[in-house]
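Novice: whatever this is, show me its structure:
(chains A, B and C, ligands or ions: 3)
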Amino acid sequence: MTNIGKSVIRKEAEDKVTGRAKYTADYSSVGMLFGKTVISKHGHARINNIDVSEAEKVPGVRAIVAGERFPLTGEEIRDRPPIAVDKIRYHGEVTAIVVADSPSIAKKAATLIHVDYVPLPVVNSPREAVKKSAPLVHENVALYEKDEGVNPIPESNIANHTKIRKGNIKKGWDQSEVTVENNFSFPPSDHIAMETRSAIAEIKPNGDIHIKTSSQAPFMVKELLSAYFNIEVGKIIVDTPLVGGGYGGKASVQLEILAYLASKAVGGRVVKMMNEREEDLISSPCHMGLDATVKIGCTKEGILKAAELTYLVDSGAYSDKAIHLSRACAVDCTGPYRIDHIWCDSYAVYTNHPYPAPYRGFSHAEVHFVFERAMDILARKLRMDPLELRRKNAILPGDTSPTQVVLNRSTVGDVPQCIEKVKELSRWNEGQIIEVDKRYVRAKGIACVWKNSTIPPESSSGVVITFNEDGTLNLISGVVEIGTGTKTVLAQMVAEYFRMDTNDVYVRMNVDTQATPEHWKTVASRGTLMAGRAALAAAEDAINQIKDIASRVLKVRPDDLEVGNRRIFLREEPNRGLDFKEVVYGYTYPEGNAIGGQIIGRGNYILRNVTHLDPETGKGNPGPEWAVGAQVVEVEFDRRDYTYRILKAISVLDIGKVLNYKGALGQVTGAMCMGLGFGGRESFIFDQQGRVLNPQLRTYRPVQFGEQPEYIVEFVETPHIDAPFGARGAGEQGLLGMPAALGNSLSVAAGVELFHLPLIPESIWAEKEGRE
Amino acid sequence: MIPFDFEYYRPESISEAVQLFIELDQAGKNPVYFSGGTEIITLGRINVLYTNAVIDIKGIPECQVMDYHEGNLYLGSCCTLVDIEEKNLFPLLTATSKEVADHTARTKITLGGNICANLFYREAVLPFLLADSQVIIAGPNGYRTEYINQVFNQTLQLERGEFLVQLITEPDKIEAPSINIKRRRQWTTGYPLVTVAGLKLGEEIRVAISGLCPYPFRSQKMEYYINSQDFSQRDRIEKALGDVDGNVLNDTEGSDKYRLFILRNTMLDIVSTLEGERA
Amino acid sequence: MLKLTGTTNITLNINGEKRPVTVRPSETLLGILRGKLGLTGAKPGCLNGDCGACTVMIDGKPMKSCLMLGVEAPGKKIQTVEGLNGTPIQRSFIEHFAFQCGYCTPGFIMNCQSLIDTNPNAPDEIIEEWLKSNICRCTGYEEIEKAIKSVLRDK
Ligand SMILES: Cc1cc2nc3c(=O)[nH]c(=O)nc-3n(C[C@H](O)[C@H](O)[C@H](O)COP(=O)(O)OP(=O)(O)OC[C@H]3O[C@@H](n4cnc5c(N)ncnc54)[C@H](O)[C@@H]3O)c2cc1C
Ligand code: FES
Ligand code: FES
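Specialist: Ligands and ions are numbered 1, 2, ... in the order given. This is a model prediction of the structure:
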């Protein structure tokens, strides 16, 4: 192999270091108008009146959209008015849009819109939400239009309930000699892509709708706009340039809807909308919070027997992706262990909080935090080394997942090997806790991870390959370049297939839903599998066409031909052949007549064997494979002040095959950093009224330079046989175990069990001595 | 993006600035002095601050001074924090300054702007409170020179139209052993949970605190306890903490109880470091 | 004394070019660069001085262009990422994979360039102090640290 595994530099690198790389908000045009939202200042309130009279008077204001009843939106339950009417259900909810000649006029007018609110009682956590006495966030959840298989509980705050019933839970408890039961929780937080969301919309006189958006899911924008507003789907054309980070947050469709409505309000003129950071944090979808009760049991020898889990996903005010997120909590409701008896109830629960989008790892880092913390508590009760407990129970080929899929080496990788390696790399044997001096200790915590992606069975991806006159090729895929470098990896794969230089594969960066074949969504680490398979299929298709022409010219059988270095030649006689440039636009015989024609390779891929889950037991195949790993975090903890530094973060991940070494490393360390931020500092802080008190980066702080640990990353390569070159996803796993491993290390260091995120010194102090 | 318009003036002398202020004020323009402008720009963007006219005082030579004069250090209010750190004429101020915001922001944030900020941390004032510095204030009634401890009460007490021109510090305070400790909610960036600056003059330890209450302060009473030699270090600090008034912050950075817990340990570090200097 | 009471014409010295532009006094330098001069390399990430994505160089020092008014800038030398081409720090960012989505990159590069120019022998603490001014959400900072150190240590 020549291209695979190499640290090929991403195709758009030069643009990115020179400021030439363009993101949605970098595009502007003469005559463009600007939209600005007005967002609610309350957590839950009735809207008495919206007074736009002063705002209307501002010169340069072209339209104000407020108080109008638009079709309800939402992915699985249509419960969300795009612009609030009658009431607002979370702090940050959009109550109006102003469209004006310039961003500052729009903003000025927005500040002059007066909304008269009557505050209502607030549901401030999922735990409160499920109480009988809780106020209802939606009066009539059962009456909303919804997808099949979604189960809201009427007259409650429960938007959906997913059940996992594996084995016989009673038997599981009978076999369990040691059990632990704990409650864990953390509040919602945010993705903090450095590029805030932005969208530009225009409606042409013929009704075509053009949307340019910073989205991870341009094809979903098209589909959903069409469904919500009953527009012919072909009339919606979505264009996505480079995206400045997504992490799942830009897979939800929200600002695009507002931009569309804004453009509509001004007769279809071009309207640009861009979130300021405050809006991006609280108004657009966030990262879910969770409240969980975990009960696990094992034999005296530490063999896991039963797990009983209740997950209350903080779905915020609207269910949008939360239903899917809560389903994912159920699908991989435990860590990567063999457990024969599992009972899990996962609920999507309405609260008066901002509502969630997917977040890197799609519910797995969240579930892993609670489950892997419980594993450590169990280990302590057993007086067993927590790594040993995990090793003993590690899931293996032949075992079944919580949704009762029988696993094999290809689908589940090699958990024991990951544990073994992380043990070495972390020097686990030197002890989980080491006293530095009277004040400081160093402590390690471990977590095992796995992740499948619960993606819809019909998800597909397509790729087109065209050629240039010199025999180089162009690769066109619907994967959005959000920073993961997937398009460069696709070029590597195709180059490998054609045995040519990656530099000779040109990649189209922008996605245009009219010109680019669909790729379901750039999420769930599925770019390499799905788009990769599609790319290889397209390559094969192109090669077959080239062979066909060449075989006729050379008068040989097509299967005697091979490609390499932009040539097609006889396997036996490599000197006899044709340059691509002689074939890819048709071959012209010396006499002048030509055969063949422009070669266009096309390929697609659709996941196979993925099924819906049984509503009563959860049985079903949720996705193509589980990516697994084991991670350790080492901290230095100050026993006097309860502060700590993260010294090392170690990941051993089975990624099937390393396609681009430095690229993969960057994905993993970046994800680890994000996970440590989520575990260690990031969360929304709510007041009693459900208002977010820290909607700025000054007070909501991601990890900053110098706060990161030393990263140690190793890869295990157990091929996933369905995937190109055997590769598994690599963009998410790095994050999954970080909050858990951090929690486990700090619980050991502080000598107190920690149940809540974020793990700030104050909360450790509060567990330890702040109680009285 | 500031959602309103204002007029921009850049006077070149103190008298021009003051005159302008009076005129603009009379014209109902609610003028503000603009130094680094970071707060005016950021609070203006979110409509917390509103003005029709800003008077940029960076063009006034006196406000840019950074020098010794007749033995004392004069620092102009428009010196940026980074310039102050780079020249490092006042080590405690350098130490305090380096913990404010971040390096790039400090190429814009100024000394006077930080001391007069609406945001209540105003960390850069701490060294001056400890050093009994003097401030030169200009205003409609001319100049006045005051001891900062007389005129800084939670905020710098300015009459309408007055602004801070310079801070004057004596060399013995500048050379005295000192320390600044900033403690945050988590890790090494962000607002203070508490910031404590300490200075040791002869045998006397002085402390000033930001982040504990919604204003920075130096408390004579706390210092009295800290310096009362009859008790153990811990007891002295305990007594000093007993004198913290009831205004301890309880906010997104941390609870009041936790702040006091952290303050206790920080004071221990400050006092033992400074008392270690005795040897 | 400079008095600007309404929309006015100013001239900015950007990347060695004189650029006349009409501005309102309350417009930030970031807004002017992006909205009026087509220099979209400096990115808005927070407009609050918190993220560093908008960093440019003013008279050689790093500056968050969202914290500066355009009217403060005449007479100063403004450098934006568009003015850098083929510099060691840009090459180093590429070689070390010091970015993913690239949104934070122009800001980081301008901050690094200023550090390289003004403090070529910066020790680790100074590198950390400076680079703490920028947020990158994609990387774990390791590659950025390598990229700047390799340029500084190569000198
Ligand atoms: C990213 C970031 C992080 C921050 N973190 C911290 C922190 O950790 N700790 C902290 O203390 N602060 C912090 N700040 C806030 C910072 O304190 C203020 O933004 C800054 O101090 C204001 O200084 P300036 O020179 O820009 O003032 P300006 O914005 O010019 O002025 C601020 C106020 O002071 C008035 N003023 C200015 N100069 C004078 C004068 N000479 N006389 C009288 N009044 C005057 C102005 O009218 C205005 O009301 C942070 C700011 C940023 C951007
Ligand atoms: S946009 Fe200027 S610092 Fe974030
Ligand atoms: S590369 Fe995406 S934020 Fe830094």
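
Novice: spit out the contact partners of the residue of chain C at minimum distance from ligand 1.
Specialist: Of all residues in chain C, C:Gly49 sits closest to ligand 1, at 3.0 Å by C-beta to the nearest ligand atom. Every C-beta, even on glycine, is put in place using the N, C-alpha and C of the backbone. Contacts here follow C-beta atoms under 8 Å, 6 or more residues apart in numbering or on different chains; on that basis C:Gly49 touches A:698, B:38, B:42, B:101, B:105, B:108, C:64, C:66-67.

Novice: who wins for neighbours among those?
Specialist: Highest neighbour count within those: C:Lys64, with 35 neighbours (other C-beta atoms under 10 Å in any protein chain shown).

Novice: how near is that residue to C:Thr28?
Specialist: Between C:Lys64 and C:Thr28 the distance is 9 Å, computed by C-beta to C-beta, to the nearest Å.

Novice: and for A:Val422?
Specialist: Applying C-beta to C-beta, one obtains 48 Å for the distance of A:Val422 from C:Thr28.

Novice: residue of the stretch 551-700 of chain A closest to ligand 1, please.
Specialist: In the stretch 551-700 of chain A, the residue that lies nearest ligand 1 is A:Arg698 (5.9 Å; C-beta to the nearest ligand atom).

Novice: can you give me the helices for chain C?
Specialist: In chain C, the helices defined using DSSP state H lie at C:29-35, C:88-95, C:105-118, C:124-131, C:142-154.

Novice: buried residues, stretch A:697-717. List them.
Specialist: Residues of stretch A:697-717 classed as buried: A:697-709, A:711-713, A:715-717 (neighbour count, 16 or more other C-beta atoms under 10 Å in any protein chain shown).

Novice: try stretch B:68-87
Specialist: B:72-85.

Novice: break down chain B into its strands, ranges please.
Specialist: Per DSSP state E, chain B carries strands over the ranges B:7-10, B:32-34, B:53-56, B:66-69, B:72-76, B:134-139, B:142-147, B:152-153, B:155-156, B:163-169, B:178-184, B:192-201, B:204-213, B:215-218.

Novice: quick check: residues of chain C near chain B?
Specialist: C:1-6, C:24-28, C:31, C:47-49, C:52, C:55, C:58, C:61-64, C:66-69, C:71-72, C:111, C:129-130, C:132-134 (C-beta under 8 Å from any C-beta of the partner chain).

Novice: re the thing from before, so which of the buried residues of stretch B:68-87 also contact ligand 1?
Specialist: When contact is defined as C-beta under 6 Å from any ligand atom, the buried residues of stretch B:68-87 meet ligand 1 at B:Ser77.

Novice: quick one: the regular element (helix or strand) spanning A:Phe219 to chain centroid distance?
Specialist: Following DSSP states H and E, the helix or strand that holds A:Phe219 is helix A:218-229. Between the centre of helix A:218-229 and the centre of its host chain there is 19 Å, according to C-alpha atoms, centre = their mean, to the nearest Å.

Novice: neighbouring strands for the helix or strand following it, and are they parallel or not?
Specialist: Elements were assigned by DSSP H and E; along the chain past helix A:218-229, the next helix or strand is strand A:236-240. The partner list of strand A:236-240 in its sheet, established with DSSP bridges, is strand A:209-213 (parallel), strand A:511-512 (antiparallel).

Novice: what pLDDT, on average, does strand A:236-240 get?
Specialist: Along strand A:236-240, the predicted local confidence has a mean pLDDT of 98.

Novice: same question for stretch A:73-88.
Specialist: So the average pLDDT for stretch A:73-88 ends up being 97.

Novice: which parts of the stretch 1-150 of chain A are strands?
Specialist: Taking DSSP state E, counting those that start in this stretch to define them, one finds strands in the stretch 1-150 of chain A at A:33-39, A:45-51, A:61-66, A:87-88, A:94-100, A:114-119.

Novice: out of those, flag the one nearest B:Tyr191.
Specialist: Each of the strands of the stretch 1-150 of chain A was checked against B:Tyr191 via C-beta to C-beta, and the shortest separation belongs to strand A:33-39, namely 24.1 Å.

Novice: so the closest one versus strand A:94-100, what angle?
Specialist: Orientation check (axes from the mean of the first three to the mean of the last three C-alpha atoms, to 10 degrees): strand A:33-39 against strand A:94-100 gives 160 degrees.

Novice: wait, B:Gly190 touches B:Arg184, no?
Specialist: Yes: the pair B:Gly190 / B:Arg184 is scored as a contact, 4.7 Å apart, by C-beta atoms under 8 Å.

Novice: okay, now the domains of chain C?
Specialist: Taking automatic domain parsing as the reference, chain C has its domains at C:8-80, C:83-153.

Novice: near ligand 3 at all, the longest one?
Specialist: Spelled out, it's domain C:8-80. No: against ligand 3, domain C:8-80 shows no contacts by C-beta under 6 Å from any ligand atom, the least distance being 8.0 Å.

Novice: that domain near ligand 2 at all?
Specialist: Yes: applying C-beta under 6 Å from any ligand atom, one finds that domain C:8-80 is in contact with ligand 2 at C:44-47, C:49-54, C:64, C:66.

Novice: alongside ligand 1, which residues does chain C contribute?
Specialist: Contact residues, chain C versus ligand 1 (C-beta under 6 Å from any ligand atom): C:49-50.

Novice: residue of chain C nearest chain A, please.
Specialist: Nearest residue of chain C to chain A (C-beta to the nearest C-beta) works out as C:Gly41 at 2.3 Å.

Novice: can you give me the helices in the stretch 501-650 of chain A?
Specialist: Counting by DSSP state H, counting those that start in this stretch, one finds helices in the stretch 501-650 of chain A at the ranges A:532-554, A:580-583.

Novice: out of the ones you listed, nearest to chain C?
Specialist: Put simply, out of the helices of the stretch 501-650 of chain A the one that sits nearest chain C is helix A:532-554, at 18.7 Å, with distance taken as C-beta to the nearest C-beta.

Novice: list the buried residues in that closest one.
Specialist: Using 16+ other C-beta under 10 Å as the burial criterion, the residues of helix A:532-554 that qualify are A:532-539, A:541-543, A:545-547, A:549-551, A:553-554.

Novice: can you give me how far it is from the chain middle?
Specialist: On the basis of C-alpha atoms, centre = their mean, helix A:532-554 sits 34 Å off its chain's mean C-alpha point.

Novice: touching, A:Ala394 and A:Thr334? I think so.
Specialist: No: counting by C-beta under 8 Å, A:Ala394 does not reach A:Thr334; the two are 12.0 Å apart.

Novice: so for the two, which sits in the more crowded spot?
Specialist: Neighbour comparison, A:Ala394 and A:Thr334: the larger count goes to A:Thr334, with 27 against 23 (by other C-beta under 10 Å).

Novice: quick one, what contacts that one?
Specialist: Each residue near A:Thr334 by C-beta under 8 Å, 6+ apart is listed here: A:307, A:309, A:342, A:367, A:371, A:402.

Novice: so which of the residues you listed sit within helices?
Specialist: Secondary structure defined by DSSP H assigns A:367, A:371 of the contacts of A:Thr334 to helices.

Novice: in JSON lines, list the contacts of A:Thr334 along with distance to ligand 2, neighbour count and pLDDT.
Specialist: Putting those into JSON lines (distance: C-beta to the nearest ligand atom, whole Å; neighbours: other C-beta atoms under 10 Å in any protein chain shown; pLDDT from 0 to 100) gives the following:
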{"residue": "A:Ala307", "distance to ligand 2": "44", "neighbour count": "29", "pLDDT": "98"}
{"residue": "A:Leu309", "distance to ligand 2": "40", "neighbour count": "24", "pLDDT": "98"}
{"residue": "A:Ile342", "distance to ligand 2": "46", "neighbour count": "26", "pLDDT": "98"}
{"residue": "A:Val367", "distance to ligand 2": "33", "neighbour count": "31", "pLDDT": "98"}
{"residue": "A:Phe371", "distance to ligand 2": "37", "neighbour count": "25", "pLDDT": "98"}
{"residue": "A:Pro402", "distance to ligand 2": "43", "neighbour count": "23", "pLDDT": "97"}
